[in-house]
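J.: need a 3D model of the sequence below.
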Amino acid sequence: MTSVIKEMSGTWLVSCTPGRPLQVDNQDLTTGGYAACSAVFDGVLYNRDDLRRQFDLPHSANEAEILIHAYLRSGIDFVKQLKGMFAFVLSDGNAQILVAGRDPIGIFPLFYATVGND
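T.: The predicted model follows:
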């Protein structure tokens, strides 16, 4: 399964575990004073309920949305708060950065590639 995150700088293709549904959240938060962020998440956050409470998110918030809010509030150090088995890609369009990561054991694979400049 492949998911696509489109940013002003181009298109990023992210491939995660075949046969598993991906959680994708693309939040253009510019109207709320936040950076435009996108996230693709595969896996499980064991502490997602704690993170939802910490960031005052509804129970319906998925892991991709949790990642975006954790990043916006904690910066790149948000990864220190993640507990579980996962792979993710988070893009911040305003800062023009792309963060990719996975759990310390590497249970969920993460593959990436850059393709051309068009």
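
J.: separation between residue 93 and residue 68?
T.: 12 Å (CB to CB, to the nearest Å). No exception for glycine: its C-beta is placed from N, CA and C like everyone else's.

J.: out of the two, which sits in the more crowded spot?
T.: A count of neighbours by other CB atoms under 10 Å puts residue 68 above the other of residue 93 and residue 68, at 27 against 18.

J.: any idea what the residue nearest to that one when sequence neighbours are not counted is bridged to?
T.: Leaving out its chain neighbours, the residue that sits closest to residue 68 by CB to CB, 6 or more residues apart in numbering is residue 37, at 4.7 Å. Residue 37 has these beta-bridge partners by DSSP bridges: residue 27, residue 92.

J.: count of neighbours near residue 37?
T.: The number of residues near residue 37, taken as other CB under 10 Å, comes to 25.

J.: by contact count, what packs against the longest helix seen in the chain?
T.: Ranked by number of residues, the top helix in the chain under DSSP state H is helix 63-74. Packed against helix 63-74, as judged by 3 or more CB pairs under 8 Å, 6 or more residues apart in numbering; DSSP states H and E, are the following elements: strand 23-28, strand 36-45, helix 48-54, strand 84-92.

J.: at 6 Å instead, please
T.: strand 23-28, strand 36-45, strand 84-92 (3 or more CB pairs under 6 Å, 6 or more residues apart in numbering; DSSP states H and E).

J.: dump those strands into CSV; add mean pLDDT as well.
T.: Formatted as CSV, the helices and strands packed on helix 63-74 follow (pLDDT from 0 to 100):
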stretch, mean pLDDT
strand 23-28, 51
strand 36-45, 86
strand 84-92, 89
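
J.: mind putting the ones you listed in TSV, distance to residue 111 included?
T.: Listed next are those as TSV, based on distance: least, CB to CB, whole Å:
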stretch	distance to residue 111
strand 23-28	17
strand 36-45	11
strand 84-92	9
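
J.: return the per-residue confidence for residue 79.
T.: For residue 79, the pLDDT comes out at 91.
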